[in-house]
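1. Quick one, what's the 3D model for this:
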Amino acid sequence: MSATAGITPIDVLNATSPQEAAQALAAYLRQTFEADVVVWTPEEARQRGYSNAWSVCWESGPYEWAMISAGESIVAGEIGDYSSRGEFPNGLAGKGWYAEPYNGFILCFFEQ
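-> Take a look at the predicted model:
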């Protein structure tokens with residue numbers, strides 16, 4: 001990854017663990033959408049009553065943004081077009097990990 005180019009969806013997909021993927025996605029969202037996102041460890045997510053997984057939370061993001069894990073556009077819910085492919089057109093998974101939504105604003109990362 002080039003220091004001047006910033007993080008890309010390819011960088012996220014090249015992550016090698018759930019932790020690395022969650023942190024890379026959070027960095028991508030912050031850079032691309034000026035998102036106010038947080039990353040929770042599995043322990044922090046569990047303490048909040050969510051899944052026991054690395055998690056990215058973007059409560060103020062587009063409606064159902066976490067559907068990017070299924071290949072949808074990050075704004076699919078906002079525009080009501082769930083057939084448009086998005087930033088991760090083949091879904092959000094890499095070697096040794098995959099992501100799935102906990103709800104519309106929390107995306108969880110698990111070991112495969």
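2. Contact partners for G77?
-> P62, Y63, E64, W65, M67, G104 (C-beta atoms under 8 Å, 6 or more residues apart in numbering). (Each C-beta comes from the backbone N, C-alpha and C, glycine too.)
3. right, I mislabeled it, should have said E72
-> Residues near E72 by C-beta under 8 Å, 6+ apart: Y82, S84, R85, G86.
4. With neighbour count as added columns, please give those in JSON lines.
-> As requested, the contacts of E72 are exported to JSON lines (neighbours: other C-beta atoms under 10 Å):
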{"residue": "Y82", "neighbour count": "13"}
{"residue": "S84", "neighbour count": "12"}
{"residue": "R85", "neighbour count": "12"}
{"residue": "G86", "neighbour count": "17"}
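5. Check those residues against L29 and report the nearest one.
-> Of all these, G86 has the smallest distance to L29: 12.5 Å, by C-beta to C-beta.
6. Return the helix or strand in the protein with minimum mean pLDDT.
-> helix 76-79 (a mean of 93; mean pLDDT, DSSP states H and E).
7. Flag every buried residue along it.
-> Across helix 76-79, burial judged by 16 or more other C-beta atoms under 10 Å covers A76, G77.
8. Direction included, what does the helix or strand following it pair against?
-> Past helix 76-79, further along toward the C-terminus, the next helix or strand under DSSP states H and E is strand 93-94. Counting by DSSP bridges, the strands paired with strand 93-94 are strand 97-101 (antiparallel).
9. Just the C-alpha atoms of the partner strand, please, in PDB.
-> Extracted C-alpha coordinates of strand 97-101, given in PDB (Å, rounded to 0.1, in the frame of the first residue of the first chain):
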ATOM      1  CA  TRP A  97     -11.500 -14.500   7.900                       C
ATOM      2  CA  TYR A  98     -14.900 -13.400   6.800                       C
ATOM      3  CA  ALA A  99     -17.300 -10.600   7.800                       C
ATOM      4  CA  GLU A 100     -21.000 -10.600   8.500                       C
ATOM      5  CA  PRO A 101     -23.400  -7.900   9.800                       C
END
